[in-house]
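*Asks:* predicted model follows, preceded by the sequence.
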Amino acid sequence: MQETEIRLCEPAPFIYFENGQIAVTDGSTVWLVIVTCEAMRVTAPPPEKSLRRLVRYAEFYRDLAAAAIRRGDDVDGKVWVRESDVIAARQSHGVRGQNIHTLDRV
């Protein structure tokens with residue numbers, strides 16, 4: 001079975017109450033990715049929850065969501081990216097072998 005690429009799609013990232021939200025698709029299904037405020041804060045120093053951070057790290061969050069979708073962790077078209085997901089990705093050198101700290105320099 002060929003793995004389908006998960007990519008960012010519309011609507012554009014936005015903050016709703018405390019959490020960030022982005023949309024991803026495989027071309028046939030769209031998932032809403034909810035990035036908790038705690039997840040945004042631990043993504044990179046300094047701790048920050050903002051639309052700017054959500055947009056800057058949208059591809060990182062997309063990769064975390066894609067892994068969750070492949071594991072079957074999506075529920076009713078939603079995928080949660082939590083603080084523990086970001087910490088685990090940082091400890092394992094990020095998604096797709098890219099260390100999250102290298103993203104800070106982009």
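*Replies:* Nice, I can see it. In this text, all values refer to a predicted model and were calculated from it rather than measured experimentally. Numbering: from 1, shown residues only.

*Asks:* look up which residues are beta-bridged to residue 16.
*Replies:* Going by DSSP bridges, residue 16 is paired in beta bridges with residue 19.

*Asks:* ok, now how distant is it from residue 69?
*Replies:* Per CB to CB, to the nearest Å, residue 16 is found 20 Å from residue 69. Just so you know, the C-beta spots here come from the backbone N, C-alpha and C atoms, and that holds for glycine as well.

*Asks:* more neighbours: which of the two?
*Replies:* Taking neighbours as other CB atoms under 10 Å, residue 16 and residue 69 compare with residue 69 leading, 18 against 9.

*Asks:* the more buried one: what's it in contact with?
*Replies:* Contact analysis of residue 69 by CB atoms under 8 Å, 6 or more residues apart in numbering lists 6, 24, 26, 31, 79.

*Asks:* model confidence over stretch 8-18, on average?
*Replies:* Mean pLDDT, computed over stretch 8-18, is 96.

*Asks:* give me the buried positions along that stretch.
*Replies:* 8, 13, 15 (16 or more other CB atoms under 10 Å).

*Asks:* off-centre distance for it?
*Replies:* 11 Å (CA atoms, centre = their mean, to the nearest Å).

*Asks:* only C-alpha atoms, please: export it in CSV.
*Replies:* Extracted in CSV, the C-alpha atoms of stretch 8-18 (Å, rounded to 0.1, in the frame of the first residue of the first chain):
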residue,chain,number,x,y,z
LEU,A,8,-1.5,21.7,4.6
CYS,A,9,-4.8,23.0,3.1
GLU,A,10,-7.4,25.7,3.6
PRO,A,11,-8.5,27.2,5.9
ALA,A,12,-5.4,29.0,6.9
PRO,A,13,-4.0,28.4,10.4
PHE,A,14,-5.9,30.3,13.2
ILE,A,15,-6.2,30.5,16.9
TYR,A,16,-9.5,29.6,18.5
PHE,A,17,-9.8,30.2,22.2
GLU,A,18,-6.6,28.7,23.7
